[in-house]
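A.B. asks: Just to be clear, the model below is a prediction. Sequence and coordinates:
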Amino acid sequence: MNRRVVITGIGAITPLGKTVEDTWKALQESKCGISNITHFDASNFPTRFAAEVHDFHLEDYVDNLDRFEYSGRNIRYAIGAATQAVKDSGILDDDFDPATFGVYLGAGEGQQDFYKFMKIIAQAQNDGEVDLEKFTKVGLEQLNPLFELEQEPNMPAGHLASLFNAQGPNLNCLTACAASSQAIGEASELIRRGDVDIMLSGGAHSMIHPFGVTGFSLLTALSTNNENPAQASRPFDRNRDGFVLGEGAGMMILEDLERAQKRGARIYGELVGYGSSADAYRVTDIHPEGRGAIKCIKMAMSHANVNPEDIHYINAHGTSTAVNDKVETRAIKGALGDMAYKVPVSSIKSMMGHLIAAAGSVEAITCLMAIRDNVVPPTINYETPDPECDLDYIPNEARQKNVTTTLSNSFGFGGQNISLIFSEFKD
């Protein structure tokens, strides 16, 4: 069985908006959601800014708030985006077997209780050293088991299954920055082979907390342009100095085409290609020649049965790090050949930062919006060309363009590569 997979519902919570339409409007208007960190006191960190979601209220999406008392931002954003996608799709208005409705997320872990751990460590000090026995005793007394449970990366998927009675497969992958794109690709495969009819898929994540910022600072991966946060994320620009942490969630309803047509669903587009590969190189470095990324893009194109000239827009991983942007450019040229110079490429991370595990899902939704409206979003803060990044990056302003087929790339730490190809639906 090789069924066709279409997208019938979408939802997003991002630093640019709390709906898909608000986010999409901001992207077209080249707006930036990056500013100083407010989630915690970052005044002593090397990087003191991020792309945060503001004014999000879970009560806008659920009635039983007590149930989510200990849920972190990742779960809350997942619920917000998923509720939008499910409502948008109209699937709950139709009769279906709950066993044929599954959830596949690329969701990250919840934020750790940094200050509580520091307090416990302070109480467990013994002559300048941490007494493990005392730390364990104090931890068992003071840590909340429900809060600790809610930090697990499988919890967003579990909550969504319960909220929407999705009794089919329930899965989560956490392959770094490629996670939600991989989840969408794998969810589509479950439908193609007939295991399920409907999948809720996407991602949710927030690493804007002391541990997250510390970790990426130690890797020297973050921009340190504290004087101009809104100009800090500058993918493909010669003066880029690192990425900017973002947070949020993107969700979509994937559905068997025949079922979607039978119930008269609105179809945003069709997922026609999925490629996955590993660099098998280093833990934090991508292969310098982009060998895994090239293979991944070519696999997605083969799966979709499209040629380079059929692709009208590429949503780049485009993190704004020196190595990633250079290698991704090399990979696009390696996969598309001379056509690479004729296909517009952009990175929306320039406006909303890097949503880590959730990045690919929001970027996939952006591709669907580009197909719907025939508009390709820009790469803002692009000022100084880099000789090693020599493609058309749609500098600073959105562009009207006929778009029927898009390529979305997600390349994660550890060399995990995912490419998705979406096309305008044609019966």
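C.D. replies: Received the coordinates, thanks.

A.B. asks: Does Ile365 touch Gly248 like I think?
C.D. replies: No - counting by Cβ atoms under 8 Å, Ile365 does not reach Gly248; the two are 11.1 Å apart. Yep, even glycine has a C-beta here, placed from its N, CA and C like the rest.

A.B. asks: what touches both of the two?
C.D. replies: Taking Cβ atoms under 8 Å, 6 or more residues apart in numbering as the contact rule, Ile365 and Gly248 both touch Ala12.

A.B. asks: Name the residue in the two with the higher neighbour count.
C.D. replies: Using other Cβ atoms under 10 Å as the criterion, Ile365 and Gly248 rank with Gly248 on top: 35 against 29.

A.B. asks: The more buried one and Lys18 touch, don't they?
C.D. replies: No - the pair formed by Gly248 and Lys18 falls short of the contact definition of Cβ under 8 Å, at 9.1 Å.

A.B. asks: Determine the residues that are contacts of both of these two.
C.D. replies: Between them, Gly248 and Lys18 share the contacting residues 12, 53, judged by Cβ under 8 Å, 6+ apart.

A.B. asks: Where is the longest helix in the chain?
C.D. replies: helix 73-89 (DSSP state H).

A.B. asks: What average pLDDT does it get?
C.D. replies: If you average the pLDDT over helix 73-89, you get 98.

A.B. asks: Tell me the gap between it and the middle of its chain.
C.D. replies: With Cα atoms, centre = their mean, to the nearest Å as the basis, the distance from the averaged C-alpha position of helix 73-89 to the chain average is 14 Å.

A.B. asks: residues in contact with the residue nearest in space to the middle of the chain?
C.D. replies: Among the residues of the chain, Ala359 comes closest to the average C-alpha position under Cα atoms, centre = their mean, at 1.9 Å. The neighbourhood of Ala359, defined by Cβ under 8 Å, 6+ apart, consists of 177, 180, 203, 246, 317, 349, 410.

A.B. asks: Mind doing that once more with 10 Å?
C.D. replies: When contacts are counted by Cβ atoms under 10 Å, 6 or more residues apart in numbering, Ala359 touches 106, 176-181, 203, 205, 246, 248, 250, 317, 319, 348-349, 352-353, 410, 412.

A.B. asks: Select from those residues every entry located in strands.
C.D. replies: Members of the contacts of Ala359 lying in strands (criterion: DSSP state E): 203, 205, 248, 250, 410, 412.

A.B. asks: Tell me what the fourth one is bridged to.
C.D. replies: Under DSSP bridges, the beta-bridge partners of Gly250 are Ala12, Gly203.

A.B. asks: Kindly confirm my reading that Leu336 forms part of a strand.
C.D. replies: No - note on Leu336: no strand contains this position according to DSSP: H, G, I helix; E, B strand; the rest coil, which reports helix.

A.B. asks: Give the phi and psi angles for the nearest residue to it once chain neighbours are set aside, as a check.
C.D. replies: Computed as Cβ to Cβ, 6 or more residues apart in numbering, the closest residue to Leu336 that is not its neighbour in sequence is Pro308, at 4.1 Å. With angles defined as degrees, to the nearest 10, Pro308 shows backbone torsions of phi -50, psi -40.

A.B. asks: Could you list the domains of the protein?
C.D. replies: If you go by automatic domain parsing, the domain ranges for the chain are 7-111+151-423, 114-140.

A.B. asks: Averaged pLDDT, the shortest one. What do you get?
C.D. replies: Model confidence over domain 114-140, given as mean pLDDT, is 86.

A.B. asks: can I get the CA coordinates of stretch 214-224 in CSV?
C.D. replies: Extracted as CSV, the C-alpha positions of stretch 214-224 are listed here (Å, rounded to 0.1, in the frame of the first residue of the first chain):
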residue,chain,number,x,y,z
THR,A,214,24.7,27.5,29.2
GLY,A,215,25.0,24.4,27.1
PHE,A,216,24.8,26.2,23.8
SER,A,217,27.2,28.9,25.1
LEU,A,218,29.7,26.2,26.0
LEU,A,219,29.5,25.0,22.4
THR,A,220,30.1,28.6,21.2
ALA,A,221,27.0,28.1,19.0
LEU,A,222,25.0,31.2,20.0
SER,A,223,25.3,34.7,18.7
THR,A,224,26.7,37.1,21.3
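
A.B. asks: Could you list the residues in contact with it?
C.D. replies: Judged by Cβ under 10 Å, 6+ apart, the contacts made with stretch 214-224 from elsewhere in the structure are 34, 45-50, 114, 207, 209, 213, 229, 231-234, 240-245, 284, 319-321, 323-324, 353-354, 356, 413.

A.B. asks: how does it look with 8 Å?
C.D. replies: Contacts of stretch 214-224 from elsewhere in the structure, counted by Cβ under 8 Å, 6+ apart, are 45-47, 207, 213, 232-233, 240-245, 284, 320-321.

A.B. asks: so which of those is the most crowded?
C.D. replies: Ser233 (35 neighbours).

A.B. asks: For Phe216, see how far away the nearest residue to that residue once chain neighbours are set aside is.
C.D. replies: Computed as Cβ to Cβ, 6+ apart, the closest residue to Ser233 that is not its neighbour in sequence is Val244, at 4.4 Å. Summarising the geometry, the distance separating Val244 from Phe216, computed by Cβ to Cβ, to the nearest Å, is 10 Å.

A.B. asks: Please apply the same query to Arg372.
C.D. replies: Distance of Arg372 to Phe216, computed by Cβ to Cβ: 34 Å.

A.B. asks: Looking at those two, which has the bigger crowd around it?
C.D. replies: Counting neighbours by other Cβ under 10 Å for Arg372 and for Phe216 shows that Phe216 has the greater number, 20 against 13.

A.B. asks: Before we go further, Arg282 is sitting in a strand, right?
C.D. replies: No - judged by three-state DSSP, Arg282 forms no part of a strand; its state is coil.
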